[in-house]
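K.L.:
One predicted model, sequence on top.
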Amino acid sequence: MVASAAVSRSMSGLVSVQPKIGVLALQGDFREHSAMLAGMGIEAPEVRLPSHLEGLDGLIIPGGESTTITKLMDRWGFRDGLPRAAASGMAVWGTCAGMIVLAKHLVDPYPEPLGLLDVTVSRNWFGRQVDSFEADFAISGVEGGPFRAIFIRAPVIERTGPTVEVLASLPDGHPVAVRQGRILATAFHPELTEDDRVHRMFLGMSVEGPLQSEGRPAGASVGSVPDFHREIGASRS
Amino acid sequence: MTTTPGQETITSTNGQAGTQDFKAGRVHARVWREDEKPEVGNWRVKGGLAQMLKGGVIMDVVTADQAKIAEDAGAVAVMALERVPADIRRDGGVARMSDPELIRGIIDAVTIPVMAKCRIGHIVEAQILEALGVDYADESEVLTPADLANHINKWDFAMPFVCGCRDLGEALRRIGEGSAMIRTKGEAGTGDVVQAVKHARTVLGQIRRLSTMDETELMAEAKKLGAPYELVTEVARTGKLPVVNFAAGGVATPADAALLMQIGVDGIFVGSGIFKSTEPSKRADAIVQATTHYQDPDVLANVSAGLGEPMSGIETSKLAEESRLETRGW
């Protein structure tokens, strides 16, 4: 487990490298993500307006209905605000609907995605709800055996761009977890499980490079980085 | 197979061209080897879809055109039924599951989940909904009951169910039968939110009460509630229902939706409230906004303005006992 000590502020109150993670709370299972983070000692604010993105090191776009989430994002100004925050270094992770929202292209004619992740996504790929499922996957960068992944009316990735790293795939080759720079996307829902390993991987991603929330200078000593960062860093190398 | 770059104009890649040839498991059969088949239709997967609907609005629709309007307005799902509750109330007669042709038309018209209603205890209507590829079945008191003693054994289905309740005992009986989502009953087709408020407050109040009780008291409480003991102890321990809990029955305005969200439900069903109002599209959109920003009075004031007339409505307290839909279900 990630010890809460790893992410609590130091007794001296001097430098803290606890990343500030927000969860987009327009619609969907954002509370499950918050609860998972809370279990790791991270208090994650709910993001309902673009102004809430300020100072975040990472943002999770939860599962939900992608048509609803994109509509609400457009309505409240996230279509400008979110890519701007991502460009200035905020890490972003989309689960299921979140993956659809982040994609560059969709096979479907709608909704219009944000285009931050160089992939083409096909929605509701497995059929209908009776085809929703769970299965074990090996995820690159996630140590400790297979991950029990829950897919709900899930999408898959049909095409990946040259800088996109595939972390997990279906047996037929369709990617279901990918990473491009500081953007992570999973077609499945780690937040519906008790397994926090993908959340830990994302926390690791969000503390790579300068932290938005604390103004930590790049290249701060590894000793000041939380344990999960060392673990993730070690497992990836 | 993975497509090659540049192949981005494909309209359907999964072989499920439409509802006519829908068959559960068709894609899985192609993707997985025989010895590594995935697990479908289990409790987590059924409840998982309800988790994805949270913070959203599910809208009653009777045609594919209405379904499209609902999707465009930001609905997280649509509920297909033969007549909206206000019309069932007005016209009387036996209310049944919709014509499968209509349900297929709605499934083909939208990409969001499609729910559909079946009668209480009508196992075969539920089997038909599952065969059509309906994403969630509502075993609903709004339709005329088919069994006056028993609800459907919902564990028999891979398709998940939502059921109505007026109190915690009723909610836990439905969950005990396999319902993976719960909604308050309210009083459908009235446009009067009072019963939805009453039922939401009752369920949530009873949960709070359970969570303060001594373990020794739980069996007696289970007996009083008429609820399975194991579920009573689970709710007492966790302080919440084991499934997602929406509000339904009488929601007509954005403020109604926000009220129920503030009381503590996970999301909103709107029945007659949208397509019985003068400007359905505008009202649907406003209720979606209000459900997200339910804690923000400035947003609520903004989205509530200029929506035209809401459905005219019936004051619930003036309804004769035999006209009440909420008393159906056991």
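P.N.:
Done, it's in. Fair warning: this is a prediction, and the values are worked out from it, not measured in the lab. Residues are numbered from 1 along each chain as shown, chains lettered A, B, ... in the order given.

K.L.:
So the host helix or strand of A:R31, near chain B or not?
P.N.:
In the assignment (DSSP states H and E), A:R31 maps to helix A:30-38. Yes. Using C-beta under 8 Å from any C-beta of the partner chain, helix A:30-38 reaches chain B at A:30-32. Using the backbone N, CA and C atoms, a C-beta is placed for each residue, glycine as well.

K.L.:
got the buried residues for that helix?
P.N.:
A:30-34, A:36-37 (16 or more other C-beta atoms under 10 Å in any protein chain shown).

K.L.:
Redo those residues as TSV? Include pLDDT.
P.N.:
Shown next, in TSV, are the buried residues of helix A:30-38 (pLDDT from 0 to 100):
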residue	pLDDT
A:F30	98
A:R31	97
A:E32	97
A:H33	98
A:S34	97
A:M36	97
A:L37	97
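
K.L.:
where exactly do the strands run in chain B?
P.N.:
B:39-40, B:57-61, B:77-80, B:114-119, B:136-140, B:161-165, B:181-184, B:244-247, B:267-270 (DSSP state E).

K.L.:
Where does pLDDT dip in chain A?
P.N.:
Residues of chain A meeting the criterion pLDDT under 70: A:1-17, A:209-237.

K.L.:
Give the bridge partners for the residue nearest to the spatial centre of chain A, please.
P.N.:
Centroid-nearest residue in chain A: A:W93, 1.8 Å away (criterion: C-alpha atoms, centre = their mean). On the basis of DSSP bridges, A:W93 is bridged to A:I60, A:L184.

K.L.:
Correct me if wrong: it contacts A:R179.
P.N.:
No. Contact between A:W93 and A:R179 fails when scored by C-beta atoms under 8 Å: they sit 9.3 Å apart.

K.L.:
Pull up the overlap in contacts between these two.
P.N.:
A:185, A:205 (C-beta atoms under 8 Å, 6 or more residues apart in numbering or on different chains).

K.L.:
Quick check: nearest residue in space to A:M205, chain neighbours excluded?
P.N.:
A:A91 (4.8 Å; C-beta to C-beta, 6 or more residues apart in numbering or on different chains).

K.L.:
The one you found contacts A:D57, correct?
P.N.:
Yes. Using C-beta under 8 Å, A:A91 is in contact with A:D57, at 6.5 Å.

K.L.:
anything in contact with each of the two?
P.N.:
A:S206.

K.L.:
low-confidence ranges in the stretch 1-150 of chain B?
P.N.:
Across the stretch 1-150 of chain B (using pLDDT under 70), the flagged ranges come out as B:1-18, B:20.

K.L.:
How much space separates B:G189 from chain A?
P.N.:
Going from B:G189 to chain A by C-beta to the nearest C-beta, to the nearest Å gives 25 Å.

K.L.:
and that residue, what does it touch?
P.N.:
B:84-89, B:142, B:271-272, B:314, B:325.

K.L.:
Can you narrow those down to the ones near chain A?
P.N.:
Okay, of the contacts of B:G189, nothing touches chain A (C-beta under 8 Å from any C-beta).

K.L.:
Just the buried subset of these, please.
P.N.:
B:84-89, B:142, B:271-272, B:314, B:325.

K.L.:
Within range of chain A, give me the residues from the stretch 201-330 of chain B.
P.N.:
B:288-289, B:291-293, B:296.

K.L.:
Now for the residues you listed: which two are most distant?
P.N.:
Using C-beta to C-beta, those reach their maximum pairwise distance at B:V288 and B:D296, which is 14.0 Å.

K.L.:
Between the two, tell me which one has more neighbours.
P.N.:
For B:V288 and B:D296, the more surrounded residue by other C-beta atoms under 10 Å in any protein chain shown is B:V288, and the numbers stand at 30 against 16.

K.L.:
can you map out the helices along chain A?
P.N.:
Assigned by DSSP state H, chain A shows helices spanning A:4-7, A:30-38, A:66-75, A:78-87, A:97-102, A:197-206, A:227-236.

K.L.:
In contact with residue 174, which residues are there?
P.N.:
Chain wasn't specified; assuming chain A. Neighbours of A:H174 in contact, by C-beta under 8 Å, 6+ apart: A:125, A:156-158, B:2, B:31.

K.L.:
wait, chain B
P.N.:
Per C-beta under 8 Å, 6+ apart, neighbours of B:R174: B:151, B:163-165, B:182.
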